[in-house]
Structures are given as structure tokens and as C-alpha cells.
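A.B. asks: Below are the sequence and a predicted model; questions follow.
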Amino acid sequence: MSEQLTPNQVALQLARLARELDDLVAAIDDAEKNAVNAREDFTMTYAKAFLTAEGSMEVRKHKATVDTHAARIGAELAEQQVKGIRRQIDSVKIRIDVGRSLGAALRAEISLGGVS
């Protein structure tokens, strides 16, 4: 059986979660900038590969796609990192809501004199 939480423990955990949320918000800002830069790098690399390729339009498109594979994967991974951080932010928000509910329940129990 787990020990009973105190209001101070709940408050400390909420403070930790708030700091974690702040860190994640800063991280997503950086990740979004990286994703934009990676996408633009891919776009420019693709355009240059397409313009320097020889052959019919379809051949040039496919050659540019093959030649820019690494840049495209880099851009996709950067976008996935943003999505991953968003999921982490959502998770922390839920944990904060749970902590708030737990804190409210503890306060209600204390006000009823139910603390032993």
C-alpha cells in the first residue's frame, strides 16, 4: 500500500511538472525552428537537384527524389520530433490536471477532519 500524500508533496510535484512543461515549451520552439529549416533545406536541395538533372520531366523528378532522400528524411524526422514534444506537453498537462484534482481531494479531506 502506498503512503498517504500530503498537500505539500502534491504542491512540490505540481511545481516539478510546471518546470517540466516550461522546458518542453522551450524545446518545442527550438524543434519547430529546426523543422522549418530542415523542410526548407530539403526544398532547396530538391529544386537544385531537379534543375541540374537531365532527361524528361518525369526522369528529372525521380532523379531529384532519389538524390534528395537524406534531406527529405531529415525534414520528416524534424517534424516527428515536434510531434513527439507536443505529445509530451499534452501528457504533462494531463498530469498537472490529475495533480490539481488530487490536491483538491486532499484539501477536501483535510477540511472534513479526515486526516489521521
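C.D. replies: Received, thanks. Numbering: from 1, shown residues only.

A.B. asks: name the helices or strands packed onto the host helix or strand of residue 88?
C.D. replies: Assigned by DSSP states H and E, residue 88 belongs to helix 69-111. Using 3 or more CB pairs under 8 Å, 6 or more residues apart in numbering; DSSP states H and E as the contact test, the elements touching helix 69-111 are helix 7-52. In this view, the C-beta of every residue, glycine as well, is placed from N, C-alpha and C.

A.B. asks: Tell me which other helices or strands the helix it packs on touches.
C.D. replies: helix 57-67, helix 69-111.

A.B. asks: what about the protein, any weak spots by pLDDT?
C.D. replies: In the predicted model, the chain carries pLDDT under 70 at residues 1-2, 114-116.

A.B. asks: Tell me who's in contact with the residue nearest the centre of it.
C.D. replies: Taking CA atoms, centre = their mean as the criterion, residue 85 is the residue nearest the geometric centre of the chain, at 0.9 Å. In this structure, residue 85 makes contact with 24, 27-28, 31, judged by CB atoms under 8 Å, 6 or more residues apart in numbering.

A.B. asks: same question, residue 45
C.D. replies: Counting by CB under 8 Å, 6+ apart, residue 45 touches 67-68, 71.

A.B. asks: can you rerun that using 7 Å?
C.D. replies: Each residue near residue 45 by CB atoms under 7 Å, 6 or more residues apart in numbering is listed here: 68, 71.

A.B. asks: ok now do residue 58, which residues does it touch?
C.D. replies: When the contact criterion is CB under 7 Å, 6+ apart, residue 58 has no partners at all.

A.B. asks: Just give the number of residues close to the residue nearest to residue 79 when sequence neighbours are not counted.
C.D. replies: By the measure of CB to CB, 6 or more residues apart in numbering, the closest residue to residue 79 outside its immediate chain neighbours is residue 35, 5.0 Å from it. Residue 35 is surrounded by 21 other residues when neighbours are defined as other CB atoms under 10 Å.

A.B. asks: Could you tell me how far residue 35 is located from residue 100?
C.D. replies: Using CB to CB, to the nearest Å, we find residue 35 at a distance of 32 Å from residue 100.
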